[in-house]
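In: Make a model of this:
(2 chains)
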Amino acid sequence: MSIKVQIPSPLRSLTGGAQEVQLEAGDVSSLIEGLESRHHGLKEKLVDPDGNLRSYVRIFVNDEDVRFLDDKATALKAGDTVAIVPAIAGGTGA
Amino acid sequence: MLAERIAEQARSGYPFEVCGVLVGEDRTVRQVVPVVNRESESPRVRYQIAPEDLIRIQREARESGREILGYYHSHPDHPARPSETDRRVAAEGLSDDVIHVVVGVAEGDRTEATAWVFHDRDQAFAEEPFDII
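Out: Predicted structure coming up:
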């Protein structure tokens, strides 16, 4: 059994329209690499040039924010569901 | 009516910015889901939607065969159009082709709503005609 990755609509142009991608990975970092190998361009949307998760991207593993787990080193196992969620903010102030 | 629900939320939340999520299918918004503005420092001029709220709404939407199409927020005593902050945050984030409805609310009473779609290629919002259903 593989890991299910839920793709938000702004990234679906990179996944051929797929809302969900399934692949195998041992942790979040290798999951991102696996996504990139299948769907070129995804990695740069998720991590900055230093390799850190971008501040406006949240990755949840089974509804837990990886920032409160082990960040990119968060372990994954078969059957996990990973959700990529955009951080939404703005307003009239600077 | 969905647009009136957003307007009422904008009025009742005045002078603070309010926000929520647009849910539907095939570019048609069927549901508006109000969420708490999680901006703690400057909620009169900023809004923030918690990722935890988005996870919950996304799950509920999928269960009913729908998805998140976009977001809305209010601009108390400011124009009903995306601000430079809105544009900058969208440009930094995952916003390509996402709908944003902006509701201006003047003196806690008069409201005006506009709809926009952000395009990564232009790094800008484009106003989108919309029908109220």
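
In: pLDDT score for B:V101?
Out: With respect to pLDDT, B:V101 scores 96.

In: Tell me, how many residues neighbour residue 32?
Out: Here I'm looking at chain A. If you count neighbours by other Cβ atoms under 10 Å in any protein chain shown, A:I32 ends up with 23. Where C-beta positions appear, they are placed from N, C-alpha and C, glycine not excepted.

In: could you do chain B instead?
Out: 19.

In: who does it bridge with?
Out: In this entry, B:V32 is beta-bridged to B:L22, by DSSP bridges.

In: Show the contacting residues for it.
Out: Residues in contact with B:V32 (Cβ atoms under 8 Å, 6 or more residues apart in numbering or on different chains) are B:L2, B:R5, B:I6, B:G20, B:V21, B:L22, B:V23, B:Y72.

In: change it to 7 Å
Out: B:L2, B:R5, B:I6, B:G20, B:L22, B:Y72 (Cβ atoms under 7 Å, 6 or more residues apart in numbering or on different chains).

In: From chain A, how far off is it?
Out: 15 Å (Cβ to the nearest Cβ, to the nearest Å).

In: Can you pull the phi/psi pair for the closest residue to chain A within chain B?
Out: Taking Cβ to the nearest Cβ, chain A has its nearest neighbour within chain B at B:V45, 3.0 Å off. Per-residue torsions, B:V45: phi -130, psi 0 (degrees, to the nearest 10).

In: Out of the contacts of B:V32, name the ones that lie in strands.
Out: B:G20, B:L22, B:Y72 (DSSP state E).

In: For the first one, which non-adjacent residue is spatially closest?
Out: What it means is B:G20. Of all residues not flanking B:G20 in the chain, B:P34 sits nearest, at 4.3 Å (Cβ to Cβ, 6 or more residues apart in numbering or on different chains).

In: count of residues packed around the one you found?
Out: Neighbours of B:P34 using other Cβ under 10 Å come to 17.

In: Just checking the distance from stretch B:1-19 to the centre of its chain.
Out: 10 Å (Cα atoms, centre = their mean, to the nearest Å).

In: Stretch B:8-18: which residues count as buried?
Out: B:Q9, B:A10, B:R11, B:G13, B:Y14, B:F16, B:E17, B:V18 (16 or more other Cβ atoms under 10 Å in any protein chain shown).

In: Closest one to A:T92 out of these, please.
Out: B:E17 (7.5 Å; Cβ to Cβ).

In: beta partners for the nearest residue to the closest one once chain neighbours are set aside?
Out: In this structure, B:E17 finds its nearest non-sequential neighbour in B:Y47, 4.3 Å apart by Cβ to Cβ, 6+ apart. Here B:Y47 sits in beta bridges with A:G90, as judged by DSSP bridges.

In: quick one on the thing from earlier: now, among the contacts of B:V32, which is nearest to A:D71?
Out: B:G20 (29.3 Å).

In: Could I get the buried residues of stretch B:8-18 in CSV, plus columns for secondary structure?
Out: Shown next, in CSV, are these (DSSP: H, G, I helix; E, B strand; the rest coil):
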residue, secondary structure
B:Q9, helix
B:A10, helix
B:R11, helix
B:G13, helix
B:Y14, coil
B:F16, coil
B:E17, coil
B:V18, coil
